[in-house]
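**Q** Can you look at this prediction? I've put the sequence above it.
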Amino acid sequence: MSTTAVHSLWTTAAVEPLNKIPAPHIEYTQLSPVLIVLTAAILSVLVEAFVPRKGRYVAQVFLSVLALAAAFAAVVGLAAGGYGSTKAQIAAMGAIAVDGPALFLQGTILLASIVSVFTFAERRLDPADHGHKVDSFAAEAAAVPGSEQEKAAVKAGFTTTEVFPLALFAIAGMLVFPAANDLLTLFVALEVFSLPLYLLCAVARRKRLMSQEAAVKYFLLGAFSSAFLLFGIALLYGYAGSVSYATIARVVDGAVVSVDPALAGTMGNDVLLLIGFAMVLAGLLFKVGAVPFHMWTPDVYQGAPTPVTGFMAAATKVAAFGALLRLLYVVLPGLTWDWRPVMWGVAIVTMLGGAIVAITQTDIKRLLAYSSIAHAGFLLAGVIAATPAGISSVLFYLGAYSFVTIGAFAVVTLVRDAGGEATHLSKWAGLGRRSPLVAAVFAVFLLAFAGIPLTSGFSGKFAVFKAAADGGAGALVVVGVLSSAIAAFFYIRVIVLMFFSEPKADGPTVAVPSALTTLTITAGVVVTLVLGLAPQYFLNLANQASVFVR
Amino acid sequence: MSFPLLTLTAAVPAAGAILTAAVPAARRTAAKWLALLVSLATLVLAAVVFVRFEPGGDRYQLTENHAWIKDFGVRYELGVDGIGVALIALTALLIPFIILAGWHDADPLETKSPRWRPTQGFFALILMVEAMVILSFEATDVFLFYVLFEAMLIPMYFLIGGFGDRAHSGSDENAAAQRSYAAVKFLLYNLVGGLIMLAAVIGLYVVAGNFSLTEIAAARADGSLDMATNTERLLFLGFFFAFAVKAPLWPLHTWLPNAMGEATAPVAVLITAVVDKVGTFAMLRFCLGLFPEASKWATPAIIVLALISIVYGALLAVGQRDIKRLVAYASISHFGFIILGIFAMTTQGQSGATLYMVNHGISTAALMLVAGFLISRRGSRLIADYGGVQKVAPVLAGTFLIGGLATLSLPGLAPFVSEFLVLVGTYARYPVAGIIATTGIVLAALYVLVLYQRTMTGPVKEEVRGLPDLRVRELAVVVPLIAVLIFLGVFPKPLTDIVNPAVQHTMSDVQQKDPQPTVPNVEAAQ
Amino acid sequence: MNPVNYLYLAALLFTIGAAGVLIRRNAIVVFMCVELMLNACNLAFVTFSRMHGNLDGQIIAFFTMVVAAAEVVVGLAIIVSVFRARHSASVDDASLMKL
Amino acid sequence: MENLIALLVGVPLLGAAILLCGGKRLDKSGHWLGTLLAAASFAIGLALFADMLGKSADDRAMHQRLYTWIPVENFQADIAFQLDQLSMTFVLLISGVGTLIHVYSIGYMEHDERRRRFFGYLNLFVAAMLLLVLADNYLLLYFGWEGVGLASYLLIGFWQHKPTAATAAKKAFLVNRVGDMGLSIAIMIMFTTFGTFAFGPVLASTGEASQGTLTAIGLMLLLAACGKSAQVPLQSWLGDAMEGPTPVSALIHAATMVTAGVYLIVRSADIFNAAPDAQLVVTVVGAVTLLFGAIVGCAKDDIKKALAGSTMSQIGYMILAAGLGPIGYVFAIMHLVTHGFFKAGLFLGAGSIMHGMNDEVDMRKYGGLRKYMPVTFVTFGLGYLAIIGFPGLSGFFSKDKIIEAAFAKGGTEGWILGSVTLLGAAITAYYMTRVMLMTFFGEKRWQDDENGNPPHPHESPRSMTIPMILLAVGSVAAGAYFEFAGFVEWLEPVTGFAHGHSPLSAAAVTTATVAVMVIGVGLAYLQYGRRPVPVVAPRGSLLTRAARRDLLQDDFNHAVFVTGGTHLTRSLVYVDHSLVDGVVNGTAAAVGGLSGRLRKLQNGYARTYAVSMFGGTAVLIAATLLMRAV
């Protein structure tokens, strides 16, 4: 989508015949990860269309995992090929950057997606219904909850295998999001991964009303925020006369001096710039889930099917922070002194707000939602550092965090009672007595969230705080430390509940998952501990990947 | 790189912990024996360290140094000085007795679920704590130390909250509630302390660029690294706060009585005799070692707090109605002495403080474990529920008395040596403080003797009648401890010999000299 | 006339839309308000495009329309299913999850 | 020969170890073993004594250094002994009397099933006491000092099942601890001043230290002495200490331990000589205690408590003498030794009386016992004569010298002190006569014990009488012996000696002493010999009542320290719970409350969320513009 091409067309049209339009030049190899996933997504739509119902599940899972793995392989290949560092470049005629951060984040997203897809595909947790295996998704999302139609669908053993193509589209969008190198691409990518997520939120099998409510809220607020984003883009466009990061950056730096007097009102008008920037920022902070743009998070996390929640919590955050980093470091480095104080404020309220409100939560999924808000705050601290160390620390943190989150939500899917997942904290009492292993695993994740040493959570937090302190944001570190002290309280509360309180008679049972979820959880634990004990290798990766191409 | 002896001292218990945890539910006794053997093996290793260490040699010996997290400037850097050796010895010495004393503490009352294995967990956790504590005594890398300092909270937390004292007043739910309250209080206090320290650790990195104690000290010495006064003070406070919570120093002490009261006696010993020592040890090694100027700046305030701890702890001990809480407050008083000795900045004070850590560990263990045996017999922690035990179980009473006498630091028992050194060392620089601290010895006598009188003497209470005297296992716990107390009381030289050089180094860290006697004396020299 | 006025109009529309989102209960109306905001953006784009004398803005406007269309699809799907389940399209009714 | 010194301590210590750890199998033989070892240590003492006499007067001091106890830089505490004439005197007294009392206890404790332990404690005490007097530095002395404290604690509380005994034991230890504080502070001052606390260097270099320092040291040592020797204001424990078995009272609370304070002061003679102010305080304390004890002694009906008061007062004499400086040291020690004999004798007598009277201690329930226990009567009587200073008996010589020295102090001080000592002598004669009369003369006032069986007074077994006889001999002869065998010359090399110049002639003093003694006896006879003694104590004068209550000293302590302390601790417990802990819990609660309130914002209405987003964006824009503006 080369706007510049079109532009040249417009300006030269008078003298040159139209058939001289140069075809846009696309670097397919560099874009292969995205292309692979998109192709897979389209294919899986076709699967939905043509493969008979019985075969779909297997086909979809196979296709998705295969595609994601292939895409990941492609990312690794590109990174190995030096596209992350030396050969970093801007592909697709300025639309997409292929550089260290992009590849690192895409890799992270893909890995997270793979394990998430495993949880999507889990069908062992609930007892078979009418002899049909069931997963976490409604038999027929369109059917009214509790209606005859739904019953029929259940009896017929329908399953919403559409979640796979939806997920694939979302993933494709997420892959583009952090790599987007012009605001339009940014916007489109945002929508591409948001819309499928809205739908994914709506298709829970149990508690469908809540699921739909979550979808509505997410959708309306999401659309609202993307409207802000878009208006911000418009203003920035008005400011710089282009949406490409490079151009805007140049204008911001004052590199472009030849201002057409006719445009004096707009071109290079800082008010446009600042307002536009603020609105774009608002859009991104919404996705990140930063206070005060966080309020959708708890409701959506609670209502959405837990596998989807895990997927959102991990992948969306990665993608959104990637985009945020690129925006701040590539487009607005000249504006650092304008955005830093603002971000300081956001980071502080986010850290504290998330931690404080979490204390009084009674639902495990909401609790994790608030914890994710607090973590967004910590990440922002790293973003604010405005140094390469800051970038790499954020990258590392995202990697570490996403696996902990997915693992944690995967564990949540296991604890079930008659009404599906037993997410109310009181139900978790004495879990440690009934099934020590699961409880222990969940405890590990909680400790990682709390940032206890020897877990990935600590390495990440340390990296981020270190970067922040280095970048002169010592005060942020202190606030961060305080809020993690507060946060520690509610993670510990859950541990107390699981291990030190007597099991309830009507307590939930812990379902024995299939290899898929087991794999997810194991991956989560392994990554958590490895990144906690020996993070150096991954820190190196993050360091190498910490340079944006301009 | 030579043979990694120090790593081994920590690796053995760590491995042992994992193995113990892996023992199947039915084979409970096997797990116990395994844990005991592992702890004994650790003791042997500690003994080897003790022997291999040359008092006259380098400051840090048996060093190991491997890259760990380059990005954070973190290295896996180990090394022991005399102080570390002494405390490693203490830890390794106490753990077997703690395990032995807690032999039945974690036997499940009824089998909750086939996969629920409290016993294995209990002993595994104890070994895990041992591993972390020992390693933290060996770490010469600030970050490595911090990691252990924080990480050891988790097993401790489970030990406190998961295996409460079965002798409690009130219903089980109530007890469970109090227990988890104590555990959470313990964790939060120490976690907050630790997090504040984390901020300081990061600050240190920003200032110094690495975490190696030796390198930073060297850099400060040759002036290549000089901290701004305020920076140094802030960092010092960050570190000191964490250590003061752990130690614990008034007014950050309130978690200790809860924790020690609710935990089983062996765990209580583990807390006060072993884990808390990390705090005081760290003051000596990190606060003084990294921030000499700031330490001197803060000394007056800290000495005041220490004095308050001494008197306040003792007075509250007198006021307690619960045996274990009484011992806890007594410990607070003793930690006051230790901190006083450290910040007196004299050789006697600091050597005394180090010995004090060791001796207090052993004496408290003796007292607390016997108290635990008594409590487990009668099923109550309230002093008022006892009386005339001495007539029923003379040996128990006798050992209890010896433990008590050690606590009030009677000459001839180890604590006297350290306490007197601390007092002398303090007096030499701060006479008033020295004198105030001396009142502690009267108060100590008060709470110990009151406790002994109320529980052991007088007419035999009805419920106490027929309590069995100490069993073989219990004697095996108490007798060696008492033997050590007496030995170190009359012949502390082996300890002082390794501690003194280390203290010399610390003194040179803070560029302090002992105040010289006002009357120069010829005979004093020899 | 001065193209800047179109910008003011765009801002006005955007604000109206935002206000609508904030005050209207009916999910459909709320959604329409969002669309209004998007179109305000389009107006802004086109205006700027005109002022800068390049086409980018107009191109973007097309993209926006497409995206908006996609949003409509998804949005209506969700809203309708909610309406069928609850027999009400009021966003305020959908408040099972709170606190 | 030197190497035997350690054995003096080692032998009884070994005995204690064996007896206390030995277990039941030693119950049969334990007491013999204990006695044997005590005797052995006495024998060693004699051997060393003989050896010492062999040497010339000024190189009689022997030293033995075992090893370095606590080496930290210039803080070097040795386990090292010093045996000079002063120590030797004590060694013989302690081990000698100690042995006798071991023997006595064999009979006295016959029916106690914990006799083995009792002997273990006795041995422990002897060992500690010997350590105290043999130490060659103050820290080791402190070791022994606390050691005897422990032994006394164990022995006073030997009958632990009696709450009174347990309390008395605790009280004794605590009060002593207060004194110990003094000793340890003294040591600290010494260390900071002289860099050492070994007798030799410290005492040698007192000249260089400042007056203030020396006074401080002196007063601190005095505090310690007051604790151990039951001097005002730390005397309150001694009376209660009588809860212990009588041999204990005899050994610890009459003959040996309580005199440790005197030893400490005499040992530190050089310090006190150089610190007159301290000395003055010493004499004052001595004088006050002297009267205090005597007055208390007059009022007590409990025979042991009466004797305890007497002990206090006698030690008052010694302290006073020690406070007089070189003119008094020797006599302090001399009186100490003689007192050791007769007071031990008296206590053992009292013990044997109780033995015969179902452990009745109230003298008002005695009377006319001389016929029933002749030996006791005679030995007790001799002790009595000795203590009141009957001419020719040991008490006469030692006390007379002290009174003389007191006058010799010179000036008003001299007159005051002298008259106080004289007064003391009179009162002593009075209360001892009272004891004598109430116990052995007059009509029987016996009463059945609580089990209703009437007392059958009888002479005690030989194991008890023999020690009494020996001690009686001592109380008769010791004084004269010292007088003529040259006790002064014996001690002079250690303590130094100066002839005081009394304003009164020696003869005059002696006459006065005898005179007041006669008066005292006479008064007592008039009051108790002539008319019958009421079984129930009459209400008595205000002073009497006060004296019965130890001159209200205890009530004062109780009111101030016990009650006050209890309130203090109670309030502190409250503070700790509500303030120190409350702050933290309060913070937690505050955060929780804040959380609860913020949570309300999450009200489930999408439009509210939209508002917050809208507001957020507005703030962002405003902030960004503001940043640029400023």
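**A** Good, I have the coordinates. Residues are numbered from 1 along each chain as shown, chains lettered A, B, ... in the order given.
**Q** CA atoms for contacts and neighbours, from now on please.
**A** OK.
**Q** Let me know whether the biggest helix by length in chain A sits next to chain C.
**A** Secondary structure of chain A per DSSP state H: the longest helix is helix A:208-240. Yes - judged by C-alpha under 8 Å from any C-alpha of the partner chain, helix A:208-240 comes into contact with chain C at A:209-210, A:212-213, A:215-216, A:219-220, A:223-224, A:227, A:230-231, A:234-235, A:237-238.
**Q** Next to chain B, which bits of chain C? Give me the list.
**A** Checking chain C against chain B by C-alpha under 8 Å from any C-alpha, there are no hits.
**Q** Do you have the strands of chain C handy? List them.
**A** Using DSSP state E, no strands are found in chain C.
**Q** Tell me which stretches of it form helices.
**A** Using DSSP H, helices in chain C cover C:4-23, C:27-52, C:56-86.
**Q** By proximity to chain D, which residue of chain C wins?
**A** The minimum distance from chain C to chain D, using C-alpha to the nearest C-alpha, falls at C:K98 (4.1 Å).
**Q** who's in contact with the nearest residue to that residue once chain neighbours are set aside?
**A** Spatially, and ignoring its direct neighbours in sequence, C:K98 is nearest to D:G604 (4.1 Å; C-alpha to C-alpha, 6 or more residues apart in numbering or on different chains). Contact analysis of D:G604 by C-alpha atoms under 8 Å, 6 or more residues apart in numbering or on different chains lists A:D299, C:A94, C:S95, C:L96, C:M97, C:K98, C:L99.
**Q** what about 7 Å?
**A** Contact partners of D:G604, counting by C-alpha atoms under 7 Å, 6 or more residues apart in numbering or on different chains, are C:S95, C:L96, C:M97, C:K98.
**Q** I'd say the first one and D:Y605 touch.
**A** Yes - proximity of C:S95 to D:Y605 meets the contact threshold set by C-alpha atoms under 7 Å, at 5.7 Å.
**Q** who has more neighbours, those two?
**A** D:Y605 (21 against 17; other C-alpha atoms under 10 Å in any protein chain shown).
**Q** Can you tell me how far the nearest residue to A:S85 once chain neighbours are set aside is from chain D?
**A** Once flanking residues are discounted, A:S85 sits nearest to A:G100: 5.8 Å by C-alpha to C-alpha, 6+ apart. Plainly put, A:G100 is 30 Å away from chain D if you go by C-alpha to the nearest C-alpha, to the nearest Å.
**Q** secondary structure element for D:P71?
**A** Assigned by DSSP states H and E, D:P71 belongs to strand D:62-72.
**Q** What is the helix or strand that that strand is followed by packed up against?
**A** Later in the chain than strand D:62-72, the nearest helix or strand by DSSP H and E is strand D:75-83. The contact analysis (3 or more C-alpha pairs under 7 Å, 6 or more residues apart in numbering or on different chains; DSSP states H and E) places strand D:75-83 against strand D:62-72, helix D:115-134.
**Q** Alongside chain A, which residues does chain B contribute?
**A** Of all the residues in chain B, those in contact range of chain A (C-alpha under 7 Å from any C-alpha of the partner chain) are B:69-71, B:113, B:115-116, B:147, B:150-151, B:161-162, B:180, B:188, B:191-192, B:195-196, B:199, B:202, B:206.
**Q** For the longest strand along chain B, buried residues please.
**A** Criterion DSSP E: the longest strand present in chain B is strand B:61-69. Residues of strand B:61-69 classed as buried by neighbour count (16 or more other C-alpha atoms under 10 Å in any protein chain shown): B:Q61, B:L62, B:T63, B:E64, B:W68, B:I69.
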